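**Q** Predicted model, plus sequence, below.
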Amino acid sequence: MTVAIDRATGKRRGDRAPRPGLGRRVRNGYQRHWYAYAMIAPVVVVLGVLVLYPLVYGLYLTLTDANSLNTARTIGVNHIDATYKFIGLDNYQDILFGPTAYDRFWSHFIWTIAWTALCVALHYCIGLGLALLLNQKLRGRTVYRLILILPWAVPTFVTVFGWRFMLADGGVINSALDALHLPAPLWLEDTFWQRFAAIMVNTWCGVPFMMVSLLGGLQSIDASLYEAAEMDGANAWQRFRYVTLPGLRSVSSTVVLLGIIWTFNQFAVIFLLFGNTAPDAQILVTWAYYLGFGQQPRDFAQSAAYGILLLAVLIVFTSFYRRWLNRDEQQLAI
Amino acid sequence: MSTTTPPETAAGEPVAKVLAAPGPGPRRPHGRRGLLTSLASHGILTVASLIALFPIAWLVFLSLGPDKDDYLHPGDIWHKMTFSNYAFVLEHTGFFGWLKSSLIVSLGTTVIGVLVAATTGYAVSRMRFPGYKKLMWALLVTQMFPIAVLIVPMYQILSDLQLIDSYLGLILVYCSTAVPYSAWLLKGYFDTIPFEIDEAGRVDGLTPFGTFFRLILPLAKPGLAVAAFYNFITAFGEVAFASTFMLDDSKYTFAVGLQSFVSEHDAQRNLMAATAVLVAIPVSAFFYLVQKNLVTGLTAGGTKG
């Protein structure tokens, strides 16, 4: 084997292996690729059947006026055939530029962007702060770490209900605020406070993941770098700025990207915190779900169209993010 | 050294990593400043721990109150603490049915997901084949599919296949979300296993499949544990697909069953809290069992992208 891509040592190198000579490549090529394809075949099949096909089908649905009244369905023994028809790009036109498009799409769009940016920024900053604190020689840091990952350990659908009890009118948070003579907002009714509560709960849920990942990243930074920096007279801030942050760069870029994707698509927190009661606090994902399944008749076509728009936003964003990350070095594997 | 030091200072200290530590490095003398920093660290960490702990502790506390409106007067609960909610949940609700559904779906997703993801992770970690970049890109893109894209067509397709309301349907749906991330994660983990091991296996006459099954998989147990755990948690905690695709209340998973306390049973919050606690205990226990591997696995997945 001539393939020796030594990425495990943390050396930043291009993602391709040093190429063997042409003769060898041809000789080995077929055999090696054959195995590789056999190994990725299951994933390709799974993704093809479970993702690609639904995606194509969904794309087709967005070009129709399908809803729960005109799709094929079986009631008892009677089978009713689908009667929806092809209407071209009308759904997109209606969502983006139709009457009341601002209320239906753009307001949710703006809120989704704000929600994603705020949540990820909070996740990252708090997570980094806690990771730095935990990365010291400190008595009881294992205990702290075990407690701090608790919000991640308990399933979201459980903790969100816990928060709902706390935020409810007359719940413990408002009682405490009352006792301190502070105004007690209507967390679950007023739009601004709904949004505030959603961000708060999601931050609480999402920090442990960032913390654990960044802690791992911190521990993989070579200790001798800090010693060298200290020899050179760098103060704490300079060590943080010129050793820690660059050392965290690759883990940060990955977790921030994942964080953005997950937060953008975060369904459980908002859905479980408010149900259908808060139309203004719905981000696009939950709003699309509401259109497709939370109302009667279910508007499958519009819901799917929202989904495609969401995906388009994410893909465009991710492409730019990758290009921006790789602007000076080809360090990510993808 | 400046005298005003943010609490982060001490993070600059070299951390003795069990494996990598070359030896006891020169340490800064611990003086007054060290003590202050350490006090501040403890203070912040304690506050953070309380915030992390409180909502869950509160849920446990509320679950002990016998009336459904007890959450409004938590002070009264002290006088009448009882486990009656738990008894009622276990005896008179669909708790065990939900448990069965959740376990079937989660374990099914875990087994299928890890098996499929492991081979892919290995292939993309070790072999450079035409289409490699495209595959990685596809895995990433799949990871960011909003449920809204797939839920409608999947609903249509599953109802065509009569898979609505069936465990198999839900498992397949979950695999589509769990597999790409697991493959990514495992690729990162396989990257940390030295290539020399593969080479040694090859020299001794193993096929690539043999190398994978006999040498790499046993070495990758921590990584596999993380991937399995991720799959399990994803499937266990998923709300949207489960709420939409499981219509028969004997097949509800916990995520759906818990919601039914609010709508059908007239907001029986005390029972809901008790159920939530019962659900949280085994999952958290499981979480803490594998969490040691979690940091290793996630970082390996994270740093190597």
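**A** Yes, it's here.

**Q** which residues sit in contact with the residue nearest in space to the middle of chain A?
**A** Central residue of chain A (Cα atoms, centre = their mean): A:Trp262, 1.3 Å from the mean position. Taking Cβ atoms under 8 Å, 6 or more residues apart in numbering or on different chains as the contact definition, A:Trp262 lies against A:Gly206. Yep, even glycine has a C-beta here, placed from its N, CA and C like the rest.

**Q** which element is it on?
**A** Applying DSSP states H and E as the criterion places A:Trp262 in helix A:249-264.

**Q** Now do the buried residues in that helix.
**A** Using 16 or more other Cβ atoms under 10 Å in any protein chain shown as the burial criterion, the residues of helix A:249-264 that qualify are A:250-264.

**Q** quick check: domain ranges of chain B?
**A** Listed by automatic domain parsing, the domain ranges of chain B are B:7-87, B:92-303.

**Q** what about stretch A:48-66, average pLDDT?
**A** Average pLDDT, stretch A:48-66: 85.

**Q** Just to check, A:Val43 is in contact with B:Thr120?
**A** Yes - proximity of A:Val43 to B:Thr120 meets the contact threshold set by Cβ atoms under 8 Å, at 4.1 Å.

**Q** Quickly list what's touching both of those two.
**A** Looking at what touches both A:Val43 and B:Thr120 (by Cβ under 8 Å, 6+ apart), the common residues are B:Leu135, B:Leu139, B:Val179, B:Ala183.

**Q** Neighbour-wise, which one of those residues leads?
**A** Going through the shared contacts of A:Val43 and B:Thr120 with other Cβ atoms under 10 Å in any protein chain shown as the criterion, the one with the most neighbours is B:Ala183, at 33 neighbours.

**Q** mind checking which helix or strand A:Asp169 is in?
**A** Counting by DSSP H and E, A:Asp169 is part of no helix or strand.

**Q** now the nearest residue to it once chain neighbours are set aside: how far from A:Ala168?
**A** Closest residue in space to A:Asp169, ignoring its immediate chain neighbours: A:Leu186 at 6.4 Å, by Cβ to Cβ, 6 or more residues apart in numbering or on different chains. Note on A:Leu186: its distance to A:Ala168, by Cβ to Cβ, to the nearest Å, is 10 Å.

**Q** on that earlier part again, could you tell me the least trusted of the domains of chain B?
**A** Across the domains of chain B, domain B:7-87 has the smallest mean pLDDT, namely a mean of 69.

**Q** hmm, back to that, specify the local secondary structure of the residue nearest to A:Asp169.
**A** Under DSSP: H, G, I helix; E, B strand; the rest coil, A:Leu186 falls in the coil class.

**Q** Does it touch A:Phe192 like I think?
**A** No - with contact taken as Cβ under 8 Å, A:Leu186 and A:Phe192 are classed as non-touching, separated by 9.8 Å.

**Q** if we can go back for a sec, ok, so of the buried residues of helix A:249-264, who is nearest B:Leu168?
**A** Closest approach between the buried residues of helix A:249-264 and B:Leu168, by Cβ to Cβ: A:Trp262, at 26.4 Å.

**Q** Just the helices from the stretch 1-150 of chain A, written as ranges.
**A** Assigned helices in the stretch 1-150 of chain A, in chain order: A:22-47, A:53-62, A:90-97, A:101, A:107-134, A:141-148, A:150-153 (criterion: DSSP state H, counting those that start in this stretch).

**Q** The second one to helix A:90-97, inter-axis angle?
**A** For the pair helix A:53-62 and helix A:90-97, the angle between their directions (axes from the mean of the first three to the mean of the last three Cα atoms, to 10 degrees) equals 80 degrees.

**Q** B:Ile216: how many residues sit nearby?
**A** As a burial measure, B:Ile216 scores 22 neighbours (other Cβ under 10 Å).

**Q** Just list the residues touching it, thanks.
**A** Remark: with contacts taken as Cβ under 8 Å, 6+ apart, B:Ile216 is in contact with B:Tyr122, B:Phe190, B:Ile193, B:Ile197, B:Asp198.

**Q** of those residues, list those near chain A.
**A** Among these, proximity to chain A is found for B:Tyr122, B:Ile193, B:Asp198 (Cβ under 8 Å from any Cβ of the partner chain).

**Q** Just the residues you listed: which are in helices?
**A** For the ones next to chain A among the contacts of B:Ile216, the ones inside helices are B:Tyr122, B:Asp198, with DSSP state H as the criterion.

**Q** residue ranges with poor pLDDT in the stretch 51-200 of chain A?
**A** A:72-78 (pLDDT under 70).

**Q** Repeat the analysis, applying 90 as the threshold.
**A** Along the stretch 51-200 of chain A, the parts satisfying pLDDT under 90 run over A:51-108, A:134-147, A:149-194.

**Q** From A:Phe317, how far out is the residue nearest to the centre of chain A?
**A** Shown here: A:Trp262 relative to A:Phe317, a distance of 13 Å by Cβ to Cβ.

**Q** now swap in A:Asp103 and tell me
**A** As judged by Cβ to Cβ, A:Asp103 and A:Phe317 stand 24 Å apart.

**Q** more neighbours, these two?
**A** Of the pair A:Asp103 and A:Phe317, A:Phe317 is the one with more neighbours under other Cβ under 10 Å, namely 17 against 11.

**Q** for that one, helix, strand, or coil?
**A** Assignment for A:Phe317 (three-state DSSP): helix.

**Q** cool, and B:Leu247?
**A** Of the three states, B:Leu247 takes coil under three-state DSSP.

**Q** neighbouring contacts of stretch B:46-56?
**A** Contacts of stretch B:46-56 with the rest of the structure, by Cβ under 8 Å, 6+ apart, involve A:130, A:144, A:147-148, A:150-151, A:154, A:159, A:162-163, A:166, A:204, A:208, B:280.

**Q** For the residue lying closest to A:Leu291 once chain neighbours are set aside, give its distance to A:Trp287.
**A** Closest residue in space to A:Leu291, ignoring its immediate chain neighbours: A:Ser303 at 4.4 Å, by Cβ to Cβ, 6+ apart. Using Cβ to Cβ, A:Ser303 is found at 9 Å from A:Trp287.

**Q** Comparing these two, which residue is more hemmed in?
**A** For A:Ser303 against A:Trp287, the residue with the higher neighbour count under other Cβ under 10 Å is A:Ser303, and the figures read 29 against 25.

**Q** residues in contact with the more buried one?
**A** Contacts for A:Ser303 were tallied using Cβ under 8 Å, 6+ apart; they are A:Ala288, A:Tyr289, A:Leu291, A:Gly292, A:Phe293, B:Ala148, B:Ile151, B:Val152.

**Q** Just the pLDDT at it, thanks.
**A** A:Ser303 is assigned a predicted lDDT (pLDDT) of 87.

**Q** Quickly note the distance from it to A:Ala114.
**A** According to Cβ to Cβ, A:Ser303 and A:Ala114 sit 23 Å apart.

**Q** Tally up the residues packed near B:Ala235, please.
**A** For B:Ala235, using other Cβ under 10 Å, the count is 29.

**Q** for B:Phe145, what are its contacts?
**A** Going by Cβ under 8 Å, 6+ apart, the list of residues near B:Phe145 reads A:Val51, A:Leu55, A:Asn265, A:Leu311, B:Thr177.

**Q** and the closest residue to the third one other than its chain neighbours, how far is that from B:Val116?
**A** Right, the one you point to is A:Asn265. The shortest distance from A:Asn265 to any residue other than its chain neighbours is 4.5 Å, reached at B:Pro146 (Cβ to Cβ, 6+ apart). Between B:Pro146 and B:Val116 the distance, using Cβ to Cβ, works out to 22 Å.
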